[in-house]
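**Student:** The sequence and its predicted three-dimensional model are supplied below.
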Amino acid sequence: MKKNTGIWIDHREALLVSTKGDSVVVEHVASAAESHFKPSGGWKAGGTSVAQSVSKEQTAEESRKHQYHTFYNKVMSMLGNSDAIALFGPGEAKIELAKEISRVASLQEKVKAIEVSDRMTEKQFIAKVKSYFTA
C-alpha cells in the first residue's frame, strides 16, 4: 500500500498529513525562524545611519535563511518512506521546500504537486490530502 503525504507549509509552521490505506497520521512542525527585521524608531533614530540598518537587515536575512534551511530539513526528515508528496501553502515556503527536496535524490521524483492554498483547519487539510490522492 502506498504512503501519500501532504504538507501545508509557511515560514512559521508545517502540517504533515500522511495517509496509508485508511490510516492517517498528522504531525506538526514549528519553525524556529525569527520574524522579519523591522528597525525601530524614525529616520536616523538613535544616531544609526541607513547603511548600518541595511547591514543589520542583510545579516538578519542570512540568519533567517539558515533557520529556514534547518526547518526544511526537519520537515524532509519526517517524510520517511512516502511514495508521493504534495506541497501546499500560501507563500514562498512551499517553493523553497520543493527546492530543498529536489537536492535529495530519494525524494525529488516523489513531489507530485505544488499548489497555492490558504490556511485551513487540520480536518480541512486532512480532507484535502485524502481527496487529492484519491482523485
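**Tutor:** That came through, no problem.
**Student:** What residues sit buried inside the helix or strand of the chain with the lowest mean pLDDT?
**Tutor:** The least trusted helix or strand in the chain, going by mean pLDDT, DSSP states H and E, turns out to be helix 50-77, with a mean of 77. Neighbour-count burial for helix 50-77, counted by 16 or more other Cβ atoms under 10 Å, picks out 64, 68, 71-72, 75-76. The way it works is simple: take the backbone N, C-alpha and C, and place the C-beta from them, glycine included.
**Student:** Kindly reformat those as a markdown table containing distance to Asn4.
**Tutor:** Listed next are those as a markdown table, based on distance: Cβ to Cβ, whole Å:
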| residue | distance to Asn4 |
| --- | --- |
| Arg64 | 31 |
| Tyr68 | 25 |
| Phe71 | 22 |
| Tyr72 | 20 |
| Val75 | 16 |
| Met76 | 16 |
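**Student:** Ala98: which of those is nearest?
**Tutor:** Nearest to Ala98 among the buried residues of helix 50-77: Tyr72, at 9.6 Å, using Cβ to Cβ.
**Student:** ok, now how distant is the nearest residue to the closest one once chain neighbours are set aside from Met78?
**Tutor:** Spatial nearest neighbour of Tyr72, excluding adjacent residues (Cβ to Cβ, 6 or more residues apart in numbering): Glu100 at 4.3 Å. Plainly put, Glu100 is 13 Å away from Met78 if you go by Cβ to Cβ, to the nearest Å.
**Student:** got it, and Pro90?
**Tutor:** Applying Cβ to Cβ to Pro90 and Met78 gives a distance of 21 Å.
**Student:** Thought Ala33 was touching Arg64, still the case?
**Tutor:** Yes. Between Arg64 and Ala33 a contact is recorded at 5.4 Å, counting by Cβ atoms under 8 Å.
**Student:** picking that back up, relative to Val25, which of the buried residues of helix 50-77 is nearest.
**Tutor:** Taking the buried residues of helix 50-77 together and measuring to Val25 by Cβ to Cβ, the closest member is Val75, at 14.2 Å.
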